[in-house]
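In: show me the folded form of this:
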Amino acid sequence: MEEGKDPIGVNRGGSVRVLPHRLLQLLLFFLVLCFTFSIVSIYMIRYFGTNRVVTPFMPTLLPCNIESLSLEQWIKPPSNLMHKMSDEELLWRASLTPRVKEYPFERVPKVAFMFLTKGPLPLAPLWERFFKGHEGRYSIYIHSLPSFEADFPRESVFHKRQIPSKVSEWGRMSMCDAEKRLLANAMLDISNERFVLLSESCIPLYNFTTIYNYTMGSKYSFMGAFDDPGPYGRGRYNDNMFPEVNITDWRKGSQWFEVNRNLALYIVQDTKFYPKFSEFCKPACYVDEHYFPTMLTIQAANLLANRSLTWVDWSRGGAHPATFGRSDITVDFFKRIYEGQSCSYNDESASVCFLFARKFSPSTLEPLFLVAPKFLGF
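Out: Below is the predicted model:
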């Protein structure tokens with residue numbers, strides 16, 4: 001051993017180094033704790049089993065975008081009429097109909113008032129008064145020129161009731177397209193049961209309750225469909241329409257109709273007669289006077305009352321009925337409309353034959369407001 005070096009384990013005072021007493025106590029405690037934990041773990045595994053000690057993790061996979069389907073989603077009418085469907089898509093959608101006749105919910109049937117107009121509704125205030133207090137029993141649809149933007153106030157019954165529209169020309173197939181477009185949009189509301197076609201110059205001749213009960217209570221739909229043997233009837237028939245349309249089935253009627261939901265379905269789903277009328281009924285064949293009356297006569301003649309509910313005055317002559325101005329709105333004028341009516345309603349004689357009248361110019365609004373409580377009933 002070399003001089004100047006201390007032997008290992010011996011301090012300079014000549015004594016051996018040892019671990020502190022407190023550190024030994026901690027080490028001993030830790031060993032006892034580990035031993036105890038091991039004994040307890042072995043005991044628990046033997047007593048409970050491994051499956052009870054450790055609960056296996058079973059992941060639950062949930063699909064994204066869960067959609068809760070309910071009946072309300074199918075029966076609730078569209079909140080926004082300005083959809084992006086094409087005409088083809090719209091007519092297909094409107095032709096879907098339940099096969100079960102009984103409804104599994106409380107359905108209040110409504111009358112769909114369909115306004116076919118170029119632009120504004122100058123008689124809208126009169127109609128506002130007519131509809132007031134009858135919410136839930138009617139719906140409104142407006143087909144105008146695409147360029148027209150209505151500015152009805154939020155509280156108006158006409159607010160946001162425009163549907164996607166296209167240009168329509170009198171006497172052309174585009175006019176029937178507009179009418180089918182109105183019907184198809186109205187049929188998206190499953191509560192609509194009766195469908196009335198009106199113009200901006202139409203007025204109601206009775207209060208809402210009378211008109212509602214009259215249409216809902218009828219077992220027929222109101223569309224003129226008569227056989228006119230003259231040049232303005234059968235004279236417009238084209239032999240190229242055979243065999244889909246025979247000249248013996250050729251009918252003529254007023255453009256302004258009222259139909260129930262079943263006949264509206266015939267109209268919107270038609271693809272058989274449409275091509276024939278579109279190709280072979282052009283001026284001087286006015287398709288809006290012949291297409292629907294002829295088609296429905298072939299398919300459901302027994303459901304037609306063969307008359308219109310809209311009164312017009314042809315006494316002044318010409319290609320179009322008379323248009324009434326402010327000076328025409330008199331007591332005698334309304335007596336002429338109401339008195340002397342005679343028709344059939346549900347196969348019985350009736351004196352109430354017309355529920356609407358046209359053509360009234362914007363200047364008639366003020367006098368109509370004044371006489372409405374006495375003559376119109378509202």
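
In: CA only for contacts and neighbour counts going forward, please
Out: Fine.

In: for residue 115, phi and psi?
Out: Backbone torsions of residue 115, given as degrees, to the nearest 10, read phi -100, psi 120.

In: okay, and the beta partners of it?
Out: Beta-bridge partners of residue 115, counted by DSSP bridges, are residue 142, residue 198.

In: contacts only, for the residue lying closest to residue 234 once chain neighbours are set aside.
Out: Spatial nearest neighbour of residue 234, chain neighbours left out: residue 228 (6.1 Å); criterion: CA to CA, 6 or more residues apart in numbering. For residue 228, the contacting residues are 234, 251-252, by CA atoms under 8 Å, 6 or more residues apart in numbering.

In: now, among those residues, which is nearest to residue 169?
Out: Using CA to CA, residue 252 comes nearest to residue 169 of these, at 18.5 Å.

In: any idea how many residues pack against that closest one?
Out: When neighbours are defined as other CA atoms under 10 Å, residue 252 has 24 of them.

In: swap in residue 197?
Out: Residue 197, neighbours per other CA under 10 Å, totals 20.

In: double-check it against residue 258; I have them as touching.
Out: Yes: counting by CA atoms under 8 Å, residue 197 touches residue 258, with 6.4 Å between them.

In: ok, now which ones touch residue 364?
Out: 324-327, 329.

In: just the buried residues out of those residues, in ChimeraX syntax.
Out: Filtering these down to the buried ones (16 or more other CA atoms under 10 Å) takes a single ChimeraX command:
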select :324,329
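
In: distance check, the closest residue to residue 345 other than its chain neighbours against residue 262.
Out: Spatial nearest neighbour of residue 345, chain neighbours left out: residue 218 (7.3 Å); criterion: CA to CA, 6+ apart. Residue 218 sits 13 Å away from residue 262, going by CA to CA, to the nearest Å.

In: swap in residue 254?
Out: 20 Å.

In: more neighbours, those two?
Out: Counted by other CA under 10 Å, residue 254 and residue 262 do not tie: residue 254 has more neighbours, with 19 against 14.

In: in the protein, what secondary structure element scores lowest on mean pLDDT?
Out: Lowest on mean pLDDT, DSSP states H and E among the helices and strands of the chain sits helix 50-53, with a mean of 45.

In: I'd like the next helix or strand past it.
Out: Counting by DSSP states H and E, the next helix or strand C-terminal to helix 50-53 is helix 71-75.

In: what about that following helix, average pLDDT?
Out: For helix 71-75, the mean pLDDT works out to 83.

In: next one: that helix to chain centre, how far?
Out: Its chain's C-alpha centre and that of helix 71-75 lie 12 Å apart, by CA atoms, centre = their mean, to the nearest Å.

In: what comes into contact with it?
Out: Against helix 71-75 from outside (CA under 8 Å, 6+ apart): 189-191.

In: okay, the residues you listed in CSV with neighbour count and distance to residue 156 next?
Out: Shown next, in CSV, are those (neighbours: other CA atoms under 10 Å; distance: CA to CA, whole Å):
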residue, neighbour count, distance to residue 156
189, 18, 20
190, 19, 23
191, 23, 21
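
In: could you dump those to CSV with distance to residue 153?
Out: Shown next, in CSV, are the contacts of helix 71-75 (distance: CA to CA, whole Å):
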residue, distance to residue 153
189, 23
190, 27
191, 25
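
In: out of these, the closest to residue 99 would be?
Out: Nearest to residue 99, judged by CA to CA, of these is residue 190 at 13.1 Å.

In: from residue 130, how far out is the nearest residue to the closest one once chain neighbours are set aside?
Out: Take residue 190 and drop its neighbours on the chain: the residue closest to it by CA to CA, 6+ apart is residue 75, 6.2 Å away. Distance, residue 75 to residue 130, using CA to CA: 27 Å.

In: which one's more surrounded, those two?
Out: Neighbour comparison, residue 75 and residue 130: the larger count goes to residue 130, with 20 against 14 (by other CA under 10 Å).

In: quick revisit: in strands, which of the contacts of residue 228 appear?
Out: Among the contacts of residue 228, no residue falls in strands (DSSP state E).

In: check those residues against residue 280 and report the nearest one.
Out: Here the nearest of the contacts of residue 228 to residue 280, counting by CA to CA, is residue 234; it sits at 13.4 Å.

In: host element of residue 284?
Out: In the assignment (DSSP H and E), residue 284 maps to no helix and no strand.

In: per-residue pLDDT, the residue nearest the centre of the chain?
Out: Compute the mean C-alpha point of the chain, and by CA atoms, centre = their mean the closest residue is residue 188, 3.2 Å away. As predicted, residue 188 sits at a pLDDT of 97.

In: what residues are up against the spatially closest residue to it that is not a sequence neighbour?
Out: In this structure, residue 188 finds its nearest non-sequential neighbour in residue 94, 5.8 Å apart by CA to CA, 6+ apart. Contact analysis of residue 94 by CA under 8 Å, 6+ apart lists 184-185, 187-188, 265, 268.

In: just the closest of these to residue 140, please.
Out: Nearest to residue 140 among these is residue 185, at 10.3 Å by CA to CA.

In: phi, psi for the closest one please.
Out: Here is the backbone geometry of residue 185 (degrees, to the nearest 10): phi -60, psi -40.

In: next, the contact list for residue 187, please.
Out: By CA under 8 Å, 6+ apart, the contact list for residue 187 reads 94, 261.

In: just the buried residues of stretch 206-219, please?
Out: Across stretch 206-219, burial judged by 16+ other CA under 10 Å covers 206-208, 211-212, 215-216.

In: just the residues contacting it, thanks.
Out: Residues outside stretch 206-219 that contact it (CA under 8 Å, 6+ apart): 111, 130-131, 134, 193-194, 303, 345-346, 355-356, 375-378.

In: buried subset of those residues?
Out: By 16+ other CA under 10 Å, the contacts of stretch 206-219 give 111, 130-131, 193-194, 303, 345, 355-356, 375-376, 378 as buried.

In: can you put those residues in JSON lines and add pLDDT and secondary structure?
Out: Below are the buried ones among the contacts of stretch 206-219 laid out as JSON lines (pLDDT from 0 to 100; DSSP: H, G, I helix; E, B strand; the rest coil):
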{"residue": "111", "pLDDT": "98", "secondary structure": "strand"}
{"residue": "130", "pLDDT": "98", "secondary structure": "helix"}
{"residue": "131", "pLDDT": "98", "secondary structure": "helix"}
{"residue": "193", "pLDDT": "98", "secondary structure": "strand"}
{"residue": "194", "pLDDT": "98", "secondary structure": "strand"}
{"residue": "303", "pLDDT": "97", "secondary structure": "helix"}
{"residue": "345", "pLDDT": "98", "secondary structure": "strand"}
{"residue": "355", "pLDDT": "98", "secondary structure": "coil"}
{"residue": "356", "pLDDT": "98", "secondary structure": "strand"}
{"residue": "375", "pLDDT": "94", "secondary structure": "helix"}
{"residue": "376", "pLDDT": "95", "secondary structure": "helix"}
{"residue": "378", "pLDDT": "95", "secondary structure": "coil"}
